[in-house]
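Chemist: just to be clear, the model below is a prediction. Sequence and coordinates:
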Amino acid sequence: MVDGVMNASAEKEPGRARPGISAFIRLWLGGWPLAQIALYLGTLLLFVWLGRNLVANMARLGLTPGFEFLEHAANYEIGESFIAYAAGDSYARAALAGLLNTIVVSALGCLVATVLGVALGIARLSVNPLVSRLVQAYVEVLRNTPLLLQLFAWNTVIHLLPVPRQALSPLPGVLLTNRGLFLPAVDAGGHGAIVAAAIVAAIVATWLVLKRRRRLAGPAPRRVVVLAYAAAVLLPVGIAAGFGVAFAPDIPTLGGFNIRGGVSMTPEFAALMLGLAVNASASIAETVRAGILAVPGGQWEAARALGLRPFAVLRLVVLPQALRIIIPVMTSSYLSLTKNSSLAVAIGFPDLVSILNTTANVTGQALEVIALMLGAYLTLSLATSAVMNVYNRRSVLRGERR
């Protein structure tokens, strides 16, 4: 009897009506679907009209739209390149040389800015008023002056350095001249890139092994960690030496009227890298300071009550918690630094924008060149964001997921 009543009530209970096509249209296009469809069609027709005009104007000038021009010979030199390039190579290779220049200067700038910014952010919280005020002045000056003027200032300072015969040597093997910065290096007889790649691979493998060991059995003793990383560096070197690769120090020395040996940075590269790094370090310093201040004061007091020293409190307790705030904002600083590298053209460094501007002036393919610039910087920005987001999820939010 009860089952019959329940079935009858269930049959009488009205079900949810399935949404019709009009409901889906309103969901996607809002309350005025016809007006929005007309707007979309009008926008599409506008772009079609602009495209037809563009093709017609380029045809009148004797230009063919497309990227076939990248295969043609580029009859201009590039002052600085990390790949082999000479006048007569393709425009595509010239663009690749500029892209690598942009990537290298941005990567080094991010590295230097991170180290400098973290140190300044911690110093900004110093109880010593002199240190705190000096860092505050540093941050305020850099954040409230145009980056372009800062690049001009760095370029001027580097060109005011002494000539090679009177080079400054703040450290053994380091020479500062108006022709660039010279640093000591290791000569591997032409096999340096292979050995460096092997060392990087060994370091990454060691890090993965130690990470898995920490997850399964707890952190390894510091002595074991140091020995593991030392082996990761020395093992590839030993294997390379066993195959006959000769290693020798390459110290920059004065030869004639110039410096020979070592690794050199041109004045333009050094000015751009230092200008970008120092400017970004001011923002990173404020980010680090804000992240540390966001950690509850009870964490500091509890760590001190356990007898930890101030540096240990900062490294083991405060910074791991502050990273949750620091990393997302620091990603924005990295993106700004990468995009600001396009100002390199102002001081004569051949980055992607500078080389592609020359390409546009020579070929007349301005629209395609602008599209290449947009695509390159968009790709670099998305790649940087993706890497930082992965690091943020795996390293910072790991405790929340568990």
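Modeler: Alright, I've got the coordinates.
Chemist: hmm, who's touching stretch 128-140?
Modeler: 120, 123-126, 282, 285-286 (CB atoms under 8 Å, 6 or more residues apart in numbering). Using the backbone N, CA and C atoms, a C-beta is placed for each residue, glycine as well.
Chemist: report the buried members of those residues.
Modeler: With burial judged by 16 or more other CB atoms under 10 Å, the buried subset of these is 120, 123-124, 282, 285-286.
Chemist: adding secondary structure, distance to A35 and pLDDT, write those residues out as JSON lines.
Modeler: As requested, those are arranged in JSON lines below (DSSP: H, G, I helix; E, B strand; the rest coil; distance: CB to CB, whole Å; pLDDT from 0 to 100):
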{"residue": "L120", "secondary structure": "helix", "distance to A35": "54", "pLDDT": "93"}
{"residue": "A123", "secondary structure": "helix", "distance to A35": "58", "pLDDT": "91"}
{"residue": "R124", "secondary structure": "helix", "distance to A35": "54", "pLDDT": "90"}
{"residue": "A282", "secondary structure": "helix", "distance to A35": "48", "pLDDT": "94"}
{"residue": "A285", "secondary structure": "helix", "distance to A35": "50", "pLDDT": "93"}
{"residue": "E286", "secondary structure": "helix", "distance to A35": "46", "pLDDT": "93"}
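Chemist: among the residues you listed, which one lies nearest to A185?
Modeler: Closest approach between those and A185, by CB to CB: L120, at 28.9 Å.
Chemist: buried sites along stretch 254-271?
Modeler: 254, 259, 261-262, 264-271.
Chemist: and R124, how far is that from T363?
Modeler: 49 Å (CB to CB, to the nearest Å).
Chemist: residues near P350, how many?
Modeler: Applying other CB atoms under 10 Å, we find 24 residues neighbouring P350.
Chemist: show the model's pLDDT score for the residue nearest to it when sequence neighbours are not counted.
Modeler: Closest residue to P350 apart from its sequence neighbours, by CB to CB, 6 or more residues apart in numbering: I78 at 5.0 Å. I78 carries a pLDDT score of 87 in this model.
Chemist: next: W32.
Modeler: For W32, pLDDT reads 65.
Chemist: now do the end-to-end distance for stretch 289-305.
Modeler: 23 Å (CA to CA, to the nearest Å).
Chemist: what sits up against that stretch?
Modeler: Contacts for stretch 289-305 (CB under 8 Å, 6+ apart): 121-122, 124-125, 312-314, 316-319, 321-326, 329.
Chemist: chain center to it, what's the gap?
Modeler: Relative to its parent chain, stretch 289-305 has a centroid offset of 30 Å by CA atoms, centre = their mean, to the nearest Å.
Chemist: which parts of it are buried?
Modeler: With burial defined by 16+ other CB under 10 Å, the residues of stretch 289-305 counted as buried are 289, 291-292, 295, 300, 303.
Chemist: let's see which of these end up in helices.
Modeler: Judged by DSSP state H, helices contain the following of the buried residues of stretch 289-305: 289, 291-292, 300, 303.
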